[in-house]
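Novice: no sequence for this one, just the structure:
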């Protein structure tokens with residue numbers, strides 16, 4: 001089936017856009033290369049109208065929330081600083097001042113509670129990070145006082161980067177056992193950063209092995225093999241997806257040189273509150289409808305494994321960047337969630353992804369951080 005051309009134009013309201021995504025998911029398909037892998041009509045999806053709230057659309061925030069840690073003070077600190085960006089858009093200086101005050105209170109009074117989640121070997125590193133956060137909070141407060149919007153944004157981002165570092169120091173190993181039937185597949189037990197050079201520019205992906213160890217491990221392994229180098233983008237839909245990973249020749253995915261067989265990767269979805277991901281079936285088929293996912297499709301540049309419509313475990317090397325805006329993917333109404341395995345997010349290069357077409361290609365892809373977290377079978 002031909003790729004879907006998502007309609008554009010000011011004449012479409014938010015309601016029209018939401019109707020469009022329902023039609024796309026229920027009635028149309030992803031074209032997975034010349035082999036015509038499709039997402040044809042499946043059984044109806046139960047749609048629940050849940051409380052909308054504020055969608056978390058920032059990929060860095062989603063990745064912070066996905067870390068397997070349990071420390072209330074650091075999450076309070078994170079929430080206060082993340083709230084600044086929302087208030088800054090409306091120039092609400094009073095609430096911004098309160099956010100800074102709340103964050104400062106946490107780092108001044110709850111240092112011991114924060115450090116309690118950090119192992120002894122990492123204590124000095126965590127203390128250094130906290131000291132940097134304290135210093136940057138003073139500068140942030142000064143910038144808020146004079147209502148310097150650019151400085152407030154800059155210091156907020158710098159503090160959030162330090163909070164990410166602090167939270168990563170809290171992770172105590174890999175948090176669960178991966179099912180033994182996947183022992184023959186590469187597993188990413190942690191995170192990795194991948195830089196992708198394209199004919200339009202460079203992009204950076206953070207791969208989350210805590211939430212998608214099999215899909216993330218497969219991707220990082222293929223990157224290390226040079227599999228994606230010089231492969232074209234085979235599909236580009238305005239406001240929808242950019243897809244790649246179809247190898248040259250007759251095959252639709254990666255053929256493992258050891259087994260001489262197609263490497264198939266299971267559907268893998270982590271639901272918030274669960275100890276480990278769901279494997280092997282869509283959440284809909286498992287009787288789970290529109291849950292809160294650890295890795296949702298809320299963010300521009302979500303990276304997910306492409307698969308045949310009839311086989312949730314038939315993905316291999318092909319993957320796509322999701323491009324819908326947050327009007328089309330609000331919390332409680334995202335029909336893509338639970339249907340595909342997200343394994344990472346674009347954290348740099350949004351402007352590049354916006355310009356990529358099926359005339360472009362990947363020049364090279366390389367793991368620049370976290371390669372030690374990849375475990376080979």
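Specialist: Sure thing, it's come through. Since this is a predicted model, take the numbers as computed values, not measurements.
Novice: which stretches of the stretch 101-250 of the chain form strands?
Specialist: 187-188, 191-198, 201-208, 233-236, 241-244 (DSSP state E, counting those that start in this stretch).
Novice: So residue 344 lies in a strand, does it not?
Specialist: Yes. Judged by DSSP: H, G, I helix; E, B strand; the rest coil, residue 344 forms part of a strand.
Novice: what ranges do the helices span in the stretch 1-150 of the chain?
Specialist: Taking DSSP state H, counting those that start in this stretch to define them, one finds helices in the stretch 1-150 of the chain at 14-27, 59-66, 72-89, 93-109, 111-115, 123-145, 149-170.
Novice: which outside residues touch the longest one?
Specialist: If I follow you right, that is helix 123-145. 77, 93, 96-97, 100, 103-104, 107-108, 111, 114-115, 118, 151-152, 155-156, 158-159, 162-163, 165-166, 169-170 (Cβ atoms under 8 Å, 6 or more residues apart in numbering). Backbone N, C-alpha and C define where each C-beta goes, glycine included.
Novice: Just the buried residues out of those, in ChimeraX syntax.
Specialist: Here is the ChimeraX selection string for the buried members of the contacts of helix 123-145, based on 16 or more other Cβ atoms under 10 Å:
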select :77,96,97,100,103,104,107,111,114,115,118,152,155,156,158,159,162,163,166,169,170
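Novice: can you tell which of the helices of the stretch 1-150 of the chain is closest to residue 267?
Specialist: helix 14-27 (15.7 Å; Cβ to Cβ).
Novice: mean confidence score for that closest one?
Specialist: Across helix 14-27, pLDDT averages out at 45.
Novice: Next: stretch 309-319.
Specialist: Mean per-residue pLDDT for stretch 309-319: 95.
Novice: before we move on, what about stretch 88-108?
Specialist: In this model, stretch 88-108 carries a mean pLDDT of 96.
Novice: and if you look at stretch 249-260?
Specialist: For stretch 249-260, mean pLDDT rounds to 93.
Novice: now stretch 146-161
Specialist: The model assigns stretch 146-161 a mean pLDDT of 97.
Novice: coming back round to it: tabulate the helices of the stretch 1-150 of the chain (a markdown table), appending distance to residue 250.
Specialist: Output for the helices of the stretch 1-150 of the chain, formatted as a markdown table (distance: least, Cβ to Cβ, whole Å):
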| stretch | distance to residue 250 |
| --- | --- |
| helix 14-27 | 29 |
| helix 59-66 | 35 |
| helix 72-89 | 47 |
| helix 93-109 | 56 |
| helix 111-115 | 55 |
| helix 123-145 | 50 |
| helix 149-170 | 42 |
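Novice: Tell me which of those helices lies nearest to residue 201.
Specialist: Closest of those to residue 201 is helix 59-66, at 17.6 Å (criterion: Cβ to Cβ).
Novice: where are the low-confidence patches of the stretch 51-200 of the chain?
Specialist: Within the stretch 51-200 of the chain, the set of residues satisfying pLDDT under 70 comprises 51-54.
Novice: returning to what we had before: looking at the strands of the stretch 101-250 of the chain, which is closest to residue 368?
Specialist: The nearest among these, by Cβ to Cβ, is strand 191-198 at 5.1 Å.
Novice: Which strands border the closest one, and is each parallel or antiparallel?
Specialist: Sheet pairing of strand 191-198 (DSSP bridges) gives strand 201-208 (antiparallel), strand 362-369 (antiparallel).
Novice: For these, state which one has the densest average packing.
Specialist: strand 201-208 (a mean of 22; mean count of other Cβ atoms under 10 Å).
Novice: what distance separates that one from the centre of its chain?
Specialist: Remark: strand 201-208 is offset 10 Å from the chain centroid, using Cα atoms, centre = their mean, to the nearest Å.
Novice: Does residue 373 touch residue 187 like I think?
Specialist: No. Assessed by Cβ atoms under 8 Å, residue 373 is found out of contact with residue 187, at 9.0 Å.
Novice: what sits in contact with each of these two?
Specialist: residue 209.
Novice: Most remote residue from the middle of the chain, which is it?
Specialist: Distance from the centre of the chain peaks at residue 146, with 35.2 Å (Cα atoms, centre = their mean).
Novice: Tell me which of the strands paired with strand 191-198 sits nearest to residue 343.
Specialist: strand 201-208 (5.8 Å).
Novice: Share the number of residues neighbouring residue 355, please.
Specialist: 13 (other Cβ atoms under 10 Å).
Novice: where along the stretch 251-377 of the chain do the strands fall?
Specialist: Using DSSP E, counting those that start in this stretch, strands in the stretch 251-377 of the chain cover 255-256, 261-262, 268-269, 278-279, 302-305, 319-322, 342-348, 362-369, 374-375.
Novice: Report all helices and strands that the third one contacts.
Specialist: Packed against strand 268-269 by the contact rule (3 or more Cβ pairs under 8 Å, 6 or more residues apart in numbering; DSSP states H and E) you find helix 213-224, strand 278-279.
Novice: In CSV, list those along with mean pLDDT, mean neighbour count and distance to residue 249.
Specialist: Output for the helices and strands packed on strand 268-269, formatted as CSV (pLDDT from 0 to 100; neighbours: other Cβ atoms under 10 Å; distance: least, Cβ to Cβ, whole Å):
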stretch, mean pLDDT, mean neighbour count, distance to residue 249
helix 213-224, 99, 26, 16
strand 278-279, 96, 18, 29
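Novice: And residue 130, how far from residue 74?
Specialist: 10 Å (Cβ to Cβ, to the nearest Å).
Novice: So between these two, which is more surrounded?
Specialist: residue 74 (26 against 20).
Novice: tell me how far the ends of stretch 176-188 are from each other?
Specialist: Chord length of stretch 176-188, first to last residue, is 12 Å (Cα to Cα, to the nearest Å).
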